[in-house]
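S.K.: Got a sequence here, can you model it:
(one chain, ligands or ions: 1)
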Amino acid sequence: MPDESKKKTIIVALAVCIACSLLVSTAEVTLRDFRYKNKKLDRIRNILKAAELPNGRDEAVKVYEERVRPLLVDLRSGKRVPISEFNDLLNIEKFDIRKLAADSQYGRSIPKGEDIAGLGRVPSYMPIYFILDGEEIRSIVFPIVGHGIWSTLYGFIALERDLKTVRGFTIYKHGETPGLGGEVDNPRWKSTWKGKQAFDEEGNLRIRVIKGNVDASRPNSAYQIEGLSGATLTSHGVDAMVRFWLGENGYSALIERLRKDMYGYL
Ligand SMILES: Cc1cc2nc3c(=O)[nH]c(=O)nc-3n(C[C@H](O)[C@H](O)[C@H](O)COP(=O)(O)O)c2cc1C
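M.R.: Numbering: from 1, shown residues only. Okay, here's the model as predicted:
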């Protein structure tokens, strides 16, 4: 067959297409496991970061297994879900916030007036992570999600066992502008959350991300985080997401239960 024949060109093009698609699907199948493991490791490391525990790649799994007890919680009642009720969707290991939110049984719509984080639908069930030191509870890590100016933000906030003081805060996934809203994952900014008070003595939710400086001489400063300069919209998003998740539609029923009997909960 001459080199410039149409038939030969089509055969060669088809052969290249088949070879490429075989290559891509083989890579997809062989890398799936690897990607799943990496995603899981990333999540573990971020939980540990929020709890201010060692989180290097080599040590994270060991630290997690020794120090972290994950539980699945029904947000409406604050009760934990027994493992016997787990299934493919309702599951800590396979937890997928978007799938649960969209599900008619496991997710729910937030009424417009209450949807301060603009989430629309949220899961009725969320995983939480108790950080233990032997039998002692040290802190509790809560997953949070909200919207910045361009993207969905995913993170964790950890509270000390007094259920008021912030132990740590992380945003581990976002698509905000580097140098502006992208500073949400700047370790320096995240460290400004440590030691702040999320709730007052009466248990009222008080924490706010504010525009401008926090004046340390003012009594309210214990509840305030300085917003990111040049990124007021992202800062508003973070403020709303934290208040949403620590509030009525988030973990408040659970926090109420823990205030009464934290050790009985485990
Ligand atoms: C290209 C571009 C990217 C921007 N990215 C962000 C961002 O990631 N987060 C944000 O809050 N504002 C971002 N802004 C700025 C907002 O439009 C708005 O001006 C800003 O939130 C106001 O913040 P300030 O009151 O602190 O100046 C961006 C603006 C431009 C032009």
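S.K.: Which single residue of the stretch 51-200 of the chain ends up nearest the ligand?
M.R.: Among the residues of the stretch 51-200 of the chain, residue 181 lies closest to the ligand, at 2.6 Å counting by CB to the nearest ligand atom. All C-beta spots, glycine's among them, are computed from the backbone N, C-alpha and C.
S.K.: Find the nearest non-adjacent residue to that residue, please.
M.R.: residue 234 (3.1 Å; CB to CB, 6 or more residues apart in numbering).
S.K.: ditto for residue 232
M.R.: Closest to residue 232 by CB to CB, 6+ apart is residue 211, at 5.9 Å.
S.K.: worst-scoring helix or strand of the protein, pLDDT-wise?
M.R.: helix 6-50 (a mean of 83; mean pLDDT, DSSP states H and E).
S.K.: Any residues of this structure in contact with the ligand? List them.
M.R.: 149-150, 176-177, 180-181, 229-234 (CB under 6 Å from any ligand atom).
S.K.: Which neighbouring elements make contact with the helix or strand that contains residue 65?
M.R.: Using DSSP states H and E, residue 65 falls within helix 60-67. The contact analysis (3 or more CB pairs under 8 Å, 6 or more residues apart in numbering; DSSP states H and E) places helix 60-67 against helix 6-50, strand 125-133.
S.K.: Take these and lay them out in JSON lines including mean neighbour count and distance to residue 164.
M.R.: Formatted as JSON lines, the helices and strands packed on helix 60-67 follow (neighbours: other CB atoms under 10 Å; distance: least, CB to CB, whole Å):
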{"stretch": "helix 6-50", "mean neighbour count": "13", "distance to residue 164": "16"}
{"stretch": "strand 125-133", "mean neighbour count": "20", "distance to residue 164": "16"}
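S.K.: Could I get these in JSON lines, plus columns for distance to residue 119?
M.R.: As requested, these are exported to JSON lines (distance: least, CB to CB, whole Å):
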{"stretch": "helix 6-50", "distance to residue 119": "20"}
{"stretch": "strand 125-133", "distance to residue 119": "12"}
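S.K.: Looking at the ones you listed, which is nearest to residue 239?
M.R.: helix 6-50 (17.7 Å; CB to CB).
S.K.: can you give me the angle the closest one makes with strand 125-133?
M.R.: Angular relation of helix 6-50 and strand 125-133 on a 0 to 180 degree scale: 50 degrees, by axes from the mean of the first three to the mean of the last three CA atoms, to 10 degrees.
S.K.: How far off centre is helix 6-50?
M.R.: The chain centre lies 26 Å from the centre of helix 6-50; the measure is CA atoms, centre = their mean, to the nearest Å.
S.K.: quick one: it to helix 60-67, angle?
M.R.: Helix 6-50 and helix 60-67 are oriented at 40 degrees to each other (the same axes, to 10 degrees).
S.K.: for this protein, what spans make up the strands?
M.R.: Secondary structure of the chain by DSSP state E: the strands cover 68-74, 107-109, 121-123, 125-133, 136-147, 152-160, 166-173, 208-210, 224-226.
S.K.: buried sites along the last one?
M.R.: Read that as strand 224-226. 224-225 (16 or more other CB atoms under 10 Å).
S.K.: ok, now the longest one?
M.R.: Residues 137-147 are the ones in strand 136-147 that count as buried (16+ other CB under 10 Å).
S.K.: Residue 100: neighbouring residues, count only.
M.R.: Close neighbours of residue 100, defined as other CB atoms under 10 Å, add up to 21.
S.K.: confidence score at it?
M.R.: On the pLDDT scale, residue 100 is placed at 97.
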